[in-house]
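K.L.:
Structure for this input, please:
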Amino acid sequence: MLKEVGASGQISLGKRLAGQLFEVVYHPDGRVELLPMRAVPARAAAAADDVGDWRPPGGYASASRWAHDNRDALEVYARDIEAEGTAAQQLQRFLESGATDGGPGGEG
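P.N.:
This is a model prediction of the structure:
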């Protein structure tokens, strides 16, 4: 779905998403990601974020307990994506190269 940001800086996502809460993640490559969120009481949100100053790669505003517990793996994953690109980017490069490996259903 293609959406254009208006002159006021707003984008309309439609009535079915009206009133929902989203976290906006700005990625270094210019992508903007909207993550659906649930409203939680301020006390619960503060407790969930009580994992130190570390934040997951990708511009996230906070780290969950799970992210903090898996910090090393997340940082390795982020380095891999930085070096090789996302799976979608890798697939796009493969398709643009015209390469084929003769895998299942194909004649190499």
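K.L.:
And residue 96, what's its pLDDT?
P.N.:
Residue 96 is assigned 91 on the pLDDT scale.
K.L.:
try residue 49
P.N.:
Here, the pLDDT recorded for residue 49 equals 49.
K.L.:
With the one 10 residues further on instead?
P.N.:
Reported pLDDT at residue 59 in the predicted model: 68.
K.L.:
Next: residue 72.
P.N.:
Note on residue 72: pLDDT of 85.
K.L.:
before we move on, what about the one 3 residues further on?
P.N.:
As summarised for this prediction, residue 75 has a pLDDT of 85.
K.L.:
One more: residue 85?
P.N.:
Looking at residue 85, its pLDDT is 88.
K.L.:
Show the end-to-end separation of stretch 61-79, please.
P.N.:
Its first and final residues considered, stretch 61-79 spans 19 Å by CA to CA, to the nearest Å.
K.L.:
buried ones in that stretch?
P.N.:
Neighbour counts over stretch 61-79 (16 or more other CB atoms under 10 Å) mark 63, 67, 68, 71, 74 as buried. No exception for glycine: its C-beta is placed from N, CA and C like everyone else's.
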